[in-house]
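[1] Dropping a prediction and its sequence here:
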Amino acid sequence: MLKSARKQEKDPEGRMPLAEHLRELRNRLGKAVLAILVVTIVAAFYYKDIIEFFTNPVLDSVGCDKTFSELTAKAAENKDANEQCARIVLNGLITPFTLALKVSLMAGVIGASPIWLYQLWGFVAPGLHRHEKKYATGFVATGVPLFLGGAFFAYKTLPTMARVLLDFSPANIDNQLPLDDLLDLITRMVIVFGLSFELPLLLVMLNLTGVITGKRMLGWWRGMIMGITVFAAVATPSTDPLTMIALAGPIWVLYFAATAFSLLNDRRKRLREAAGPGDDEASELDLTPEDIGEVETVSASRSLPEQSKGDTDRINGYDDVT
């Protein structure tokens, strides 16, 4: 009874003292870190499977199924043979252990992302307005599938990219790919492809907030196509046009989809403004100052009665006692 009486009710607008904010931040950070640690420990038992999941497509594309001596003998028999392949290797005695920690931690951060994202949202949401919460929820709900779609394209284009890059190797050269460098390259590719798929979502959010219009976005289409193409050429390590188009093509489609959505949203806004406010909505007030014109002079009325000669020592009907 006393405990419930001492407990303060939460402010409906999310306002609280600074100490309460810091205490809530500490609690939510603790929950997020705990979730990451739990998933990291679980992933440590399966880190080899995680590594194989990312490296098997590359090995299937450019992996060596013969020894270096067998490849050299085959090339000596056939002078035109130019078979290029690679082997994934580890350098150093402690490298397997550090790699296991790195892969497990990366899997922990990714696997626990729903939990720490929820904690982040729980900390930020009370300070947002209702329309801001709606936009933020839609941004998260749309952004996650788009990022996963970009990561999927990166995963599918890695074998082609590896095969094209390996073709630059001289003949009769054994290629060795350090596993830690290969995983770093795969991680960068996944992040770059995933973030590039977020560009149309960013344009939609700018349109919803009134920063840019769909008509302006449509006028940018030539520059956007060129810019996306250049970005895809720089983001992909290989010079293979197929890999570049695999990244640029979906972004083109998403850009025009975002433009179409923005045009429809602008049309809806114009129709709503033309229809005027609803019965339960207040009309907008025009607070623009206007010129009142020439000021008419008006004679001021006397607020005090005229004083007679005998009332010179009286002020407002009272004696002046000085």
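    That came through fine.

[2] what's the burial count for residue 187?
    14 (other CB atoms under 10 Å). The way it works is simple: take the backbone N, C-alpha and C, and place the C-beta from them, glycine included.

[3] That should have said residue 93, apologies.
    Quick note: residue 93 (other CB under 10 Å) scores 7 neighbours.

[4] I'd assumed it was in a strand, is it?
    No - using DSSP: H, G, I helix; E, B strand; the rest coil, the assignment for residue 93 is coil, not a strand.

[5] State the distance from it to residue 101.
    For residue 93, the distance to residue 101 (CB to CB, to the nearest Å) stands at 15 Å.

[6] can you check residue 42 too?
    14 Å.

[7] same question, residue 270
    57 Å.

[8] helices or strands up against the helix ranked longest in the chain?
    Longest helix in the chain by number of residues (criterion: DSSP state H): helix 130-166. Packing contacts for helix 130-166, counted by 3 or more CB pairs under 8 Å, 6 or more residues apart in numbering; DSSP states H and E, involve helix 47-62, helix 113-124, helix 179-196, helix 199-208, helix 241-275.

[9] out of the ones you listed, nearest to residue 134?
    For residue 134, the closest of the helices and strands packed on helix 130-166 is helix 199-208, at 9.6 Å, according to CB to CB.

[10] can you pull the buried residues of the closest one?
    Neighbour counts over helix 199-208 (16 or more other CB atoms under 10 Å) mark 199, 200, 201, 203, 204, 205, 207, 208 as buried.

[11] Closest one of those to residue 246?
    residue 199 (16.1 Å).

[12] Can you name the residues that contact the closest residue to residue 254 other than its chain neighbours?
    Distances taken as CB to CB, 6 or more residues apart in numbering place residue 200 nearest to residue 254, at 3.9 Å, with adjacent residues excluded. Remark: with contacts taken as CB atoms under 8 Å, 6 or more residues apart in numbering, residue 200 is in contact with 146, 251, 254, 255, 257, 258.

[13] possible to save the residues you listed as TSV with pLDDT, distance to residue 120 and neighbour count?
    Shown next, in TSV, are the contacts of residue 200 (pLDDT from 0 to 100; distance: CB to CB, whole Å; neighbours: other CB atoms under 10 Å):
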residue	pLDDT	distance to residue 120	neighbour count
146	85	19	19
251	86	27	24
254	87	25	22
255	89	28	20
257	89	28	13
258	88	25	21
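
[14] can you redo those residues as a markdown table with distance to residue 224?
    Converted to a markdown table, the contacts of residue 200 look like this (distance: CB to CB, whole Å):
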| residue | distance to residue 224 |
| --- | --- |
| 146 | 17 |
| 251 | 9 |
| 254 | 11 |
| 255 | 6 |
| 257 | 13 |
| 258 | 10 |
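
[15] Show me the two of those residues that sit farthest apart.
    Maximum distance among the contacts of residue 200 (CB to CB): 12.3 Å, for 146 and 255.

[16] Distance of residue 200 relative to residue 88?
    36 Å.

[17] Also residue 255?
    Taken as CB to CB, the span from residue 255 to residue 88 is 37 Å.

[18] now swap in residue 273 and tell me
    61 Å.
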